[in-house]
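>>> How does the following fold in three dimensions:
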Amino acid sequence: MIVISDLTKDYRLGDETVHALAGVSLEIPDGEFVAFVGPSGSGKSTLLHLIGGLDTCSSGKITVENQDLSQASDKELAKYRNSSVGFVFQTFNLHPTYTALENVAIPLIFSKVPAGERMKRAAAALEAVGMSARARHLPNQLSGGERQRVAIARALVTNPKIIVADEPTGNLDSANGLKVMDMLGALNKEKGITLLIATHDRELAGRAQRVITMRDGQIIGDNKK
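Got it, this is the predicted structure:
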């Protein structure tokens with residue numbers, strides 16, 4: 001369960017303060033598939049980054065599985081990110097000189113998993129997203145859709161409780177975007193992973209169980225199917 005109470009996040013831009021989040025409160029049960037929609041600057045990516053432990057809030061409270069992230073140290077947040085959360089980004093973030101298999105294994109290095117076991121688990125994650133045949137290919141030898149599938153495998157390899165996907169289809173054409181959303185949705189159903197996606201595309205968001213609409217750092221709509 002993710003519990004968020006009166007969460008705020010402020011940034012300083014020169015002499016100006018930007019209120020990225022302005023008092024957000026919500027609860028997300030384990031295993032839910034939630035899409036966050038809204039225009040650029042609405043706060044959806046900031047909220048996902050806070051849930052993922054990539055950033056810290058200005059005030060308020062965010063609790064994930066009874067761990068208070070708003071009070072966590074940098075070391076505790078690093079452990080949380082590596083053990084509990086898988087990340088998928090719009091820009092794929094793959095290491096250009098590593099093969100698909102090596103890219104997927106990267107998070108396991110930080111978990112100090114032995115090399116043989118890392119490769120075994122990375123291969124299984126690639127198989128789960130239908131990319132076994134491309135395991136030895138470099139990112140520049142893969143299509144955009146294939147690179148995003150490798151990124152999804154990397155997010156899966158640590159067996160996370162939560163996957164945070166920030167505009168995961170932003171660099172893909174519509175057909176590949178739908179395939180990626182279908183794959184993420186299937187992982188949510190089959191593995192019970194809590195899936196949180198930020199997207200501009202309401203058609204893609206419609207595939208989620210719950211759609212939360214944001215504007216100016218606040219939640220203005222919360223619809224469940």
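>>> Show me what the residue sitting nearest the centre point of the chain is bridged to.
For the chain, the residue whose C-alpha lies nearest the mean C-alpha position (C-alpha atoms, centre = their mean) is Val164; its distance is 1.6 Å. Taking DSSP bridges, one obtains Phe87, Leu196 as the residues bridged to Val164.
>>> And the pLDDT at it?
Predicted confidence (pLDDT) for Val164: 94.
>>> wait, what's in contact with it?
Neighbour list for Val164: 48-49, 51-52, 85-88, 196 [criterion: C-beta atoms under 8 Å, 6 or more residues apart in numbering]. Placement of C-beta: from N, CA and C, glycine included.
>>> ok, Glu65 to Ala20 distance?
Distance of Glu65 to Ala20, given as C-beta to C-beta, to the nearest Å: 24 Å.
>>> In terms of neighbours, single out the busier of those two.
A side-by-side neighbour count of Glu65 and Ala20, using other C-beta atoms under 10 Å, places Ala20 first with 23 against 13.
>>> Please verify my assumption that that one contacts Leu48.
No - with the criterion set as C-beta atoms under 8 Å, Ala20 and Leu48 do not qualify as a contacting pair; they are 11.7 Å apart.
>>> re earlier: the contacts of Val164, buried ones only, as a PyMOL selection?
Here is the PyMOL selection string for the buried members of the contacts of Val164, based on 16 or more other C-beta atoms under 10 Å:
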select buried, resi 48+49+51+52+85+86+87+88+196
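>>> Can you list the buried residues in the one helix or strand Gln148 maps to?
When secondary structure is defined using DSSP states H and E, the element that contains Gln148 is helix 144-156. Judged by neighbour count (16+ other C-beta under 10 Å), helix 144-156 contains these buried residues: 145-156.
>>> next one: stretch 109-124
113, 118-119, 121-123.
>>> Run through the helices of the protein in chain order.
44-51, 74-84, 100-110, 115-128, 144-156, 174-191, 202-205 (DSSP state H).
>>> what does the shortest one rub up against?
With C-beta under 8 Å, 6+ apart as the test, helix 202-205 has contacts from 35, 37, 169, 177-178, 181, 197, 199, 211.
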